[in-house]
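Participant: Sequence and predicted structure, then a few things I'm wondering about:
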Amino acid sequence: MQEDRQEYFYNIGVSYKKADANTRGKFSLTKENQIALLKLSKEKGFKGVFIISTCNRTEITGFAERPCQLIELLCTFTEGTIEEFAKFSNVYKDQEAIHQLFRIGTGLESQILGDYEIVGQLRQAFRLAKSLKTVNAYSERLMNSVLQASKRVKNETKLSSGTTSVSYAAVQYIIKNLPDYNSKNILVFGLGKMGKHTCKNLAEYTQNKTVCLINRTEEKTTVFVKEHASIRKSVIENLSEEITKTDVLIVSTGADKPTITKEHIGHHKNLLILDLSMPENVAKDVTDFKGVSIVNIDELSKITDETLAVRLKEVPFAEAIIETHKAEFKEWLNHRRFTPAIAALKKSLENIKNDEISFQKKKIADFDESQAEILTSRFIQKITTQFVKHLKDEETSVSQSLQVINKVFQS
């Protein structure tokens with residue numbers, strides 16, 4: 001008879017901690033590829049699978065017999081290889097995987113500590129997986145616990161206090177490195193979430209009135225500029241012309257390949273380019289032009305200011321909240337794991353008890369059934385308590401324990 005497959009809960013992936021922007025770009029997953037990967041994971045019988053792919057990390061979470069099964073899925077839909085993954089990856093199993101998700105969901109694993117943007121990305125990732133029916137009760141309960149912990153960390157600590165994000169860091173970089181930044185021409189290319197935040201931060205933290213915005217979809221630009229009168233709109237056809245007029249180019253497009261190449265750049269003046277995209281959307285050879293410099297997402301994320309100092313002090317409070325919610329999840333998990341085994345044991349013992357009481361009633365005159373009931377019920381309770389202790393050992397296989405019960409107590 002074939003034995004039941006032993007599956008474990010894994011979180012595998014690459015993040016900014018070990019992989020640079022270029023490597024992370026190789027392992028990033030487009031929305032289409034995320035959908036394709038999830039569908040394939042379902043066909044292959046993997047359970048509880050969901051994916052998060054941002055500029056800072058790409059991670060797959062779910063059940064598998066071995067982590068290499070999830071790694072192969074990731075490499076199938078990205079440009080990264082298994083060999084590269086081995087060099088730059090993180091592989092977490094069971095309790096470590098659970099802990100990793102809590103840390104991600106509360107901002108402790110963000111490239112800029114406490115950056116809360118990850119929470120929305122996590123919600124969106126799980127919603128996609130749920131719509132494709134790749135999640136299960138385990139991952140759904142865990143995600144709910146993570147989001148509850150996240151909400152408490154947000155409301156009860158200062159871990160996300162102040163404004164520190166990549167888009168904020170970009171504006172701070174301009175302020176710190178360009179003494180006359182308020183009079184510089186600034187061009188923002190791309191109006192995704194990052195582009196919007198950059199424009200808002202420019203309006204909030206500078207008095208610059210020469211910000212121009214270009215996006216592939218002109219309608220989005222029109223709507224945004226109506227709400228932000230200090231920003232000028234241009235069109236994609238004028239991109240090269242606008243670049244020749246600008247001093248600072250902020251690229252926040254979300255393409256798979258460079259959207260800014262040498263062809264876009266004039267070589268007659270200095271140009272600072274801030275590339276907020278992942279993978280990088282500015283071709284590296286634009287720096288062949290004298291006076292052109294690129295600052296990418298990794299460099300922008302090295303900001304160490306007073307905001308981060310405050311946040312660091314809040315880490316122990318956030319970790320305490322995480323431990324509370326991890327304990328609640330473990331309790332739910334234990335109850336879910338133990339219930340079938342305990343129920344099976346109790347049922348077997350109750351049957352033995354009832355048969356024995358019936359037998360003794362016939363055999364013994366004036367048999368005290370109520371006393372026998374009390375005594376045997378206490379025995380059953382003590383036996384099941386010992387059995388629960390056995391099951392709480394993380395190395396214990398509940399399915400194997402059920403098999404033993406069936407073998408021992410079957411009639």
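Facilitator: Thanks, I have it.
Participant: Quick one: end-to-end distance for stretch 259-275.
Facilitator: Criterion C-alpha to C-alpha, to the nearest Å; first-to-last residue distance in stretch 259-275 is 11 Å.
Participant: State the helix or strand in which the residue lying closest to Thr324 once chain neighbours are set aside lies.
Facilitator: Nearest residue to Thr324 in three dimensions, chain neighbours excluded: Ala149, at 7.6 Å (C-beta to C-beta, 6 or more residues apart in numbering). C-betas here are computed from N, CA, C, even on glycine. Here Ala149 sits within helix 137-156, counting by DSSP states H and E.
Participant: how far does that helix sit from the chain's center?
Facilitator: Mean-position distance between helix 137-156 and its chain equals 12 Å (C-alpha atoms, centre = their mean, to the nearest Å).
Participant: Surely the residue nearest to Thr324 and His325 touch.
Facilitator: Yes: Ala149 is within contact range of His325, at 4.0 Å (criterion: C-beta atoms under 8 Å).
Participant: okay, the nearest residue to Gly254 once chain neighbours are set aside: pLDDT?
Facilitator: Nearest residue to Gly254 in three dimensions, chain neighbours excluded: Gly192, at 5.3 Å (C-beta to C-beta, 6+ apart). Confidence at Gly192, expressed as pLDDT, is 84.
Participant: Look at Gly192 and say how many residues are nearby.
Facilitator: The number of residues packed around Gly192, counting by other C-beta atoms under 10 Å, is 15.
Participant: Then Met194?
Facilitator: Residues near Met194, counting by other C-beta under 10 Å: 25.
Participant: likewise the one 3 residues further on?
Facilitator: Neighbouring residues of His197 were enumerated by other C-beta under 10 Å; the total is 20.
Participant: One more: Phe329?
Facilitator: Neighbours of Phe329 using other C-beta under 10 Å come to 20.
Participant: just the angle between the one helix or strand it maps to and helix 137-156, please?
Facilitator: Per DSSP H and E: Phe329 is located in helix 306-363. Helix 306-363 and helix 137-156 are oriented at 140 degrees to each other (axes from the mean of the first three to the mean of the last three C-alpha atoms, to 10 degrees).
Participant: Packing partners of helix 306-363?
Facilitator: Here helix 306-363 touches helix 95-105, helix 137-156, helix 369-392, helix 398-409, going by 3 or more C-beta pairs under 8 Å, 6 or more residues apart in numbering; DSSP states H and E.
Participant: what about the last one, average pLDDT?
Facilitator: Pointing back at helix 398-409 there. On average, helix 398-409 scores 71.
Participant: next one: the shortest one
Facilitator: Mean per-residue pLDDT for helix 95-105: 96.
Participant: what does it contact?
Facilitator: With contact meaning C-beta atoms under 8 Å, 6 or more residues apart in numbering, helix 95-105 is reached by 9-11, 52, 57, 59, 61, 90, 92, 109-110, 118-119, 122, 142-143, 145-147, 149-150, 322, 325-326, 329, 394.
Participant: still on that earlier bit, of all the helices and strands packed on helix 306-363, which one is nearest Leu249?
Facilitator: With C-beta to C-beta as the criterion, Leu249 lies closest to helix 95-105 of the helices and strands packed on helix 306-363, at 31.4 Å.
Participant: tell me which residues of the closest one are tucked away?
Facilitator: 97-98, 100-105 (16 or more other C-beta atoms under 10 Å).
Participant: picking that back up, buried residues in the helix holding Ala149, which are they?
Facilitator: Neighbour-count burial for helix 137-156, counted by 16+ other C-beta under 10 Å, picks out 138-139, 142-143, 145-150, 152-154.
Participant: Would you map the helices across the stretch 51-200 of the chain?
Facilitator: 67-76, 82-88, 95-105, 117-131, 137-156, 166-177, 193-205 (DSSP state H, counting those that start in this stretch).
Participant: how far does the fourth one sit from the chain's center?
Facilitator: The chain centroid and the centroid of helix 117-131 are separated by 8 Å under C-alpha atoms, centre = their mean.
Participant: would you put the C-alpha positions of it in CSV?
Facilitator: C-alpha atoms of helix 117-131 as CSV (Å, rounded to 0.1, in the frame of the first residue of the first chain):
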residue,chain,number,x,y,z
GLU,A,117,3.0,49.3,1.2
ILE,A,118,3.7,45.6,1.5
VAL,A,119,0.4,45.0,3.3
GLY,A,120,-1.7,46.0,0.3
GLN,A,121,0.5,44.0,-2.0
LEU,A,122,0.1,40.9,0.3
ARG,A,123,-3.7,41.3,0.4
GLN,A,124,-3.8,41.6,-3.4
ALA,A,125,-1.5,38.6,-3.8
PHE,A,126,-3.7,36.5,-1.6
ARG,A,127,-6.9,37.7,-3.3
LEU,A,128,-5.5,36.6,-6.7
ALA,A,129,-4.7,33.1,-5.4
LYS,A,130,-8.1,32.8,-3.7
SER,A,131,-9.8,33.8,-7.0
